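In: output the structure for:
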Amino acid sequence: MTREPSRRVPRRNLQDVRHDLVDAVRRGVRPEDAAKALNVGRSTAFGWLKLAANGGMEALAVKKSGGSEPRLSQKQLDQLAKWLIGKDPRQLQFDFALWTREMVRVLIEREFGVIYTPQGVGKLLSRLGFSPQRPLVRAYQQEPARVQEWKEREYPRIRALATEEGATILFQDEAGVRTDYHTGTTWAPVGQTPVVRGTGARLSVNMISAVTPRGKLYFKFLDGSGNSANFTAFLQDLLDDIPGKLFVIVDGHPSHRSKATKEFVKKQDGRLSLFFLPPYSPELNPDEWVWKSIKHDGVGRAAVRTRDEMKQIIAKSVERLRSTPSIILGFFRSPDLDYILA
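Out: From the prediction side, this is the model:
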């Protein structure tokens, strides 16, 4: 069997590719599969993984040729790094919550009287070990004490009770996606913004799913919204498919707390129990990662044109996850979810 040659990654993109590969493996993707997806050599991929294992993500930085010395003193550089790491820009009189090169440029000029170009700021930040990254957004209403209580006491109690009663634990969530949703990037000549033809219609598909700590995924398309009737119908499907008691962990959506749902649970004579995550804490639910995978890696890259086409793509993404439990189990390695398998 002839192996396809790996591409030579442009230097300006190399660090991003290295980070993408390591992130994928940490989420549970096999190194060989990640290397193939990113079109890099197997030995190269394992070399990057070794670098990250020994020196962290910083070790994946691309070495750059030497340039002029920074115009800020080491003390000033240390102070700048502390602001960028420890401060929300809004605490320093900026209008937005995410640091940009222009905002850092203004900060440097305002605090130190040193003028940089945006390009110079980018080089300076790179030397300081910073890179542009997507932030994790957390609701300001979230109560850290409740999250800690859930991780250290509530969930361990639920897990112990499930073991004692032979119950299956499932994390459940609903999601919706529209046909005009898209994500990802594509290659195009510099200066020519690429155009991918999709649809301008805003057709939506609603879904519901549940996942177990063993990587088992249950999924269903919904007719209509995530109301009590659809939620209890899905619970009934779970009861039909899974023997024994079910412990279903949900968020505080009104359909999960409604009178109709409470009556449905009561009718199951103890076979079904609902447990509630702390408010404003979706990161504690592994089913959120299922939706991220389906949306970002499936629908978002397809530029779908019809609702049926979107359903077909979603169904393929779901089948891929179902047939590869290791991907789902990789979600549980997230720092936000490692409490589940602890």
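In: residues contacting Val22?
Out: 48-49, 52, 57, 60 (Cβ atoms under 8 Å, 6 or more residues apart in numbering). Where you see a C-beta, it was placed from the backbone N, CA and C, and this is true even at glycine.
In: give me the contact list for the least confident helix or strand in the chain by mean pLDDT.
Out: Taking mean pLDDT, DSSP states H and E as the measure, the helix or strand of the chain with the lowest value is helix 287-297, at a mean of 78. Contacts with helix 287-297, where a contact means Cβ under 8 Å, 6+ apart, come from 171-173, 175, 177, 181, 183-184, 207, 209-211, 217, 282, 314, 317-318, 321, 327-328, 331, 334, 337.
In: if we use 7 Å, what do you get?
Out: 171-173, 175, 177, 181, 183, 209-211, 217, 282, 314, 317-318, 321, 331 (Cβ atoms under 7 Å, 6 or more residues apart in numbering).
In: also stretch 159-176?
Out: Taking Cβ under 7 Å, 6+ apart as the rule, stretch 159-176 contacts 158, 204-213, 226, 238, 242, 244-251, 285-288, 291.
In: I'd like to know which of the residues you listed are part of strands.
Out: Judged by DSSP state E, strands contain the following of those: 204-211, 246-250.
In: ok, of those residues, which come out buried?
Out: Using 16 or more other Cβ atoms under 10 Å as the burial test, the ones in strands among the contacts of stretch 159-176 include 205-211, 246-250 as buried.
In: drop anything exposed from the contacts of helix 287-297.
Out: So, by 16+ other Cβ under 10 Å, the buried ones in those are 171-173, 175, 177, 181, 209-211, 217, 282, 314, 317-318, 321, 331.
In: what comes up buried for stretch 322-333?
Out: Quick answer for stretch 322-333 (16+ other Cβ under 10 Å): 324-325, 327-332.
In: Gly176: what secondary structure?
Out: strand (DSSP: H, G, I helix; E, B strand; the rest coil).
In: bridged to it, which residues?
Out: Asn206 (DSSP bridges).
In: can you check Phe171 too?
Out: With DSSP bridges as the rule, Phe171 is bridged to Val211, Ile249.
In: sorry, back to before: could you list the buried residues of the least confident helix or strand of the chain?
Out: Under 16+ other Cβ under 10 Å, the buried positions of helix 287-297 are 287-291, 293-295, 297.
In: rebuild those residues as JSON lines, extending it with distance to Leu107.
Out: Output for the buried residues of helix 287-297, formatted as JSON lines (distance: Cβ to Cβ, whole Å):
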{"residue": "Asp287", "distance to Leu107": "39"}
{"residue": "Glu288", "distance to Leu107": "34"}
{"residue": "Trp289", "distance to Leu107": "35"}
{"residue": "Val290", "distance to Leu107": "39"}
{"residue": "Trp291", "distance to Leu107": "36"}
{"residue": "Ser293", "distance to Leu107": "37"}
{"residue": "Ile294", "distance to Leu107": "39"}
{"residue": "Lys295", "distance to Leu107": "35"}
{"residue": "Asp297", "distance to Leu107": "36"}
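In: now do the least confident helix or strand of the chain: distance to the chain's middle.
Out: Distance of helix 287-297 from its chain centroid, counting by Cα atoms, centre = their mean, to the nearest Å, is 7 Å.
In: can I get that helix in PDB, CA atoms only?
Out: Included here for helix 287-297 are C-alpha records, laid out as PDB according to Å, rounded to 0.1, in the frame of the first residue of the first chain:
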ATOM      1  CA  ASP A 287     -23.400  16.000  25.800                       C
ATOM      2  CA  GLU A 288     -22.400  19.600  25.000                       C
ATOM      3  CA  TRP A 289     -19.200  18.200  23.400                       C
ATOM      4  CA  VAL A 290     -21.400  15.900  21.200                       C
ATOM      5  CA  TRP A 291     -23.200  18.900  19.900                       C
ATOM      6  CA  LYS A 292     -19.900  20.800  19.300                       C
ATOM      7  CA  SER A 293     -18.600  17.800  17.300                       C
ATOM      8  CA  ILE A 294     -21.800  17.500  15.200                       C
ATOM      9  CA  LYS A 295     -22.100  21.300  14.600                       C
ATOM     10  CA  HIS A 296     -18.400  22.200  14.000                       C
ATOM     11  CA  ASP A 297     -17.100  19.100  12.400                       C
END
